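A.B. asks: Coordinates for the following, if possible.
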Amino acid sequence: MDAEDFIRVETNDGSASFQPGDLVEGTVRWQFAEPPQEVELRLFWFTEGRGDQDLEVMATIPFANPGAHDRRSVSRPA
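C.D. replies: The predicted model follows:
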């Protein structure tokens, strides 16, 4: 990535932590010199603390026909 390239994921209310069943709403924005072949957002959960850590991808949200400069809305249950 070039210095001016970026990807940003922002939730509508600024939250970064959700409970199962919560609605995750926000925006994904990116800027690249060239259009990417594909862009997808992955929502995942994880546990930490005593014992083993667990991680699971709960949803993969592909964005069709991404442009070099693009912005997409997301609304999905956690």
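
A.B. asks: The residue nearest the centre of the chain - nearest residue in space that isn't next to it in sequence?
C.D. replies: Nearest to the geometric centre of the chain sits residue 41, at 3.9 Å (CA atoms, centre = their mean). The shortest distance from residue 41 to any non-neighbouring residue, by CB to CB, 6 or more residues apart in numbering, is to residue 61 (4.5 Å). Just so you know, the C-beta spots here come from the backbone N, C-alpha and C atoms, and that holds for glycine as well.

A.B. asks: which helices and strands sit right next to the host helix or strand of that neighbour?
C.D. replies: Element membership for residue 61 (DSSP states H and E) is strand 54-63. Strand 54-63 sits against strand 39-47, strand 69-77, with contacts defined as 3 or more CB pairs under 8 Å, 6 or more residues apart in numbering; DSSP states H and E.

A.B. asks: which of those strands has the lowest average pLDDT?
C.D. replies: Per-stretch mean pLDDT for the helices and strands packed on strand 54-63 is lowest at strand 39-47 (a mean of 90).

A.B. asks: what lines up beside it in the sheet?
C.D. replies: strand 54-63 (antiparallel) (DSSP bridges).

A.B. asks: Tell me how far the partner strand lies from the chain's centre.
C.D. replies: Taking CA atoms, centre = their mean, to the nearest Å, the mean C-alpha location of strand 54-63 is offset from the chain mean by 9 Å.
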